[in-house]
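Asker: for reference, the sequence and a predicted model appear below.
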Amino acid sequence: MKHGTILVIDDNPAILTAVKICLGGTFERIVTQTSPEKVLTTITQEHPSAILLDMNFTLGVNSGQEGMMWLSVIHRKFPDIPIVLVTAYADVKLAVRALKNGAADFVTKPWDNDELIRVLKDAIDKASEIIPLDQLETEHVRKVLNKCDGNMKRAADLLGISRQTLYNKVKNEK
């Protein structure tokens, strides 16, 4: 059984060829682009199951900022599509920041073929997982509380509920 469509965005045509060869036996389709400029249109047309996004597109630039910017743009418009970032210039801080900003995972070049396939399949499986509503609510309440640094009044206001309701939700999850 093949696992859907993968959209791969990398400025290096040799990388795109290697990814097509690597993923061809596992995924139904591998759609490639050398530039992220038309990525939103491509996503609308192709409905990928996951995206493999390079971190750097400008020659001589290896900060990962371009990939982070495109991660944000794509994630805002298509939050349900898992995005796996790939770069030759990996560092732990960049990987952590990418994951905090919504990346499903992070792969370094050169990659291990089996690992790349596993990471993409796991990202697709996790994205299609059905989470019980109460678990989703608990995670959302936790996230809002963390964003508000534990300020119950601000968190309740953001959630559109009373402080008492928020206290009860937090008390019930313990």
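Answerer: Received it, and whenever you're ready, just let me know what you need. Residues are numbered from 1 along each chain as shown.

Asker: distance of the residue nearest to Leu23 when sequence neighbours are not counted relative to Glu129?
Answerer: Excluding the flanking residues, the one nearest Leu23 by CB to CB, 6 or more residues apart in numbering is Ile30, at 5.2 Å. In short, each C-beta sits where N, CA and C put it, glycine included. Taking CB to CB, to the nearest Å as the measure, Ile30 falls 23 Å from Glu129.

Asker: centroid-nearest residue for the chain?
Answerer: For the chain, the residue sitting closest to the mean C-alpha position, by CA atoms, centre = their mean, is Ala103 at 2.8 Å.

Asker: and Gln164, how far is that from Asp54?
Answerer: From Gln164 across to Asp54, the span is 49 Å (CB to CB).

Asker: which is the succeeding secondary structure element to the helix or strand harbouring Ile21?
Answerer: Per DSSP states H and E, Ile21 falls inside helix 13-23. Using DSSP H and E, the helix or strand that directly follows helix 13-23 along the chain is strand 29-33.

Asker: how about residues contacting that following strand?
Answerer: Identification of contacts with strand 29-33 by CB atoms under 8 Å, 6 or more residues apart in numbering yields 4-10, 16, 19-20, 23-24, 39, 42, 46, 48.
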